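In: only the shape, not the letters, is given here:
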């Protein structure tokens, strides 16, 4: 993808900000500049998408472009499983362009993409997907295991949830996972939870969102991730995190009760599972759509509005979250 000199300078400045910014913890930190005069922030969330345009990935991408233009989005978040079936083979794998650069071509999607890894990504060469070489190929791409993104009134805490899942280590089936730079696993998880908890506690952002691949509360095919309920959820609850955003289940989903963390699933970027839903308390399950689509969020100082769209761009569900203390 070609990039003008001005955009190159902006991206270079962005990278410099990332490398020289101070750290609240050992998590890598970066900033996304606020561009709107009212300080608001708009972005899209999509997951489980990388199928070289197949399974309606291209159609979802087209609708994302339309909504992205309407909302004047600031960036896009990918919640993992970026490249099927087995991640990237290396930095020169043509699947990167075939599933990303050549698919998300709408002008409104020419913004930074902040991504976490999914379990399918771990079946490939993880370091390749994290490499700066990919960013040189397509300036939009930014993927790390875990990091903190600050943008005005919001801080996003991106968490690598894959090492938490026991079965990937004890019963991987026919799959091979790339655990380089993760082992020993217990130390990796312990350090990550410590750094995440410290970063959230020190955050002065109005809104705090945690982003991961695996679901904590979900009525989808994979079901809840017990390891995250036991280890990650207490950190979210103690620190009063506003949203947990994930993929993994190939559906669109909103689970939550007033006054507590809301759980938003946006895993409909390509292949979806129709008719695959598990029982869940209807008082908590605000939306379950077992089809393809994506999600948008618009954030102001006092409110977050989130909207779910299907593969045709139809609105399936919309809801909001308010900071009551800021409205008094």
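Out: All right, it came through fine. Note that this is a predicted model, so its numbers are computed, not measured.
In: does residue 158 touch residue 148 like I think?
Out: Yes: counting by CB atoms under 8 Å, residue 158 does reach residue 148; the two are 7.3 Å apart. For every residue, glycine as well, the C-beta is placed using N, CA and C.
In: for the stretch 151-300 of the chain, what spans make up the helices?
Out: Counting by DSSP state H, counting those that start in this stretch, the stretch 151-300 of the chain has these helices, from start to end: 167-170, 185-202, 226-231, 233-238.
In: which residues touch the residue most central in space within the chain?
Out: Against the mean C-alpha coordinate of the chain, by CA atoms, centre = their mean, the closest residue is residue 79 at 3.0 Å. By CB atoms under 8 Å, 6 or more residues apart in numbering, the residues touching residue 79 are 45-48, 115-116, 118, 211-213, 245-248, 266-267.
In: how about 7 Å then?
Out: By CB atoms under 7 Å, 6 or more residues apart in numbering, the contact set of residue 79 is 45, 47, 116, 211, 213, 245, 246, 247, 266, 267.
In: do residue 105 as well
Out: By CB under 7 Å, 6+ apart, no residues touch residue 105.
In: and if we set it to 8 Å?
Out: The neighbours of residue 105, taking CB under 8 Å, 6+ apart as the test, are 61, 65.
In: pLDDT below threshold where in the protein?
Out: 1-25, 324-328 (pLDDT under 70).
In: correct me if wrong: residue 290 contacts residue 267.
Out: No: here residue 290 does not reach residue 267: they are 10.3 Å apart, not a contact under CB under 8 Å.
In: name the residues contacting each of these two.
Out: With contacts taken as CB under 8 Å, 6+ apart, residue 290 and residue 267 have 220, 250, 251 as neighbours in common.
In: most neighbours among those, which one?
Out: residue 251 (28 neighbours; other CB atoms under 10 Å).
In: contact partners of stretch 31-46?
Out: The contact list for stretch 31-46 (CB under 8 Å, 6+ apart) reads 14, 17-18, 21, 60, 64, 67-68, 71-79, 112, 149-154, 245, 264, 266, 268-269, 294-301.
In: now do the contacts for residue 310.
Out: Here residue 310 is in contact with 252, 289, 291, 292, 293, 316 (criterion: CB under 8 Å, 6+ apart).
In: picking up where we left off before, figure out which of the helices of the stretch 151-300 of the chain is closest to residue 96.
Out: Proximity to residue 96 (CB to CB) singles out helix 167-170 among the helices of the stretch 151-300 of the chain, at 23.4 Å.
In: distance from the chain centre to that closest one, please.
Out: Computed by CA atoms, centre = their mean, to the nearest Å, the chain-centroid distance of helix 167-170 equals 23 Å.
In: more crowded one of residue 290 and residue 267?
Out: A side-by-side neighbour count of residue 290 and residue 267, using other CB under 10 Å, places residue 267 first with 35 against 19.
In: not counting residues beside it along the chain, what's closest to that one?
Out: Sequence neighbours aside, residue 247 is the residue nearest to residue 267 in space, at 3.7 Å (criterion: CB to CB, 6 or more residues apart in numbering).
In: quick check: the one you found touching residue 77?
Out: No: between residue 247 and residue 77 there is no contact under CB under 8 Å: 9.9 Å.
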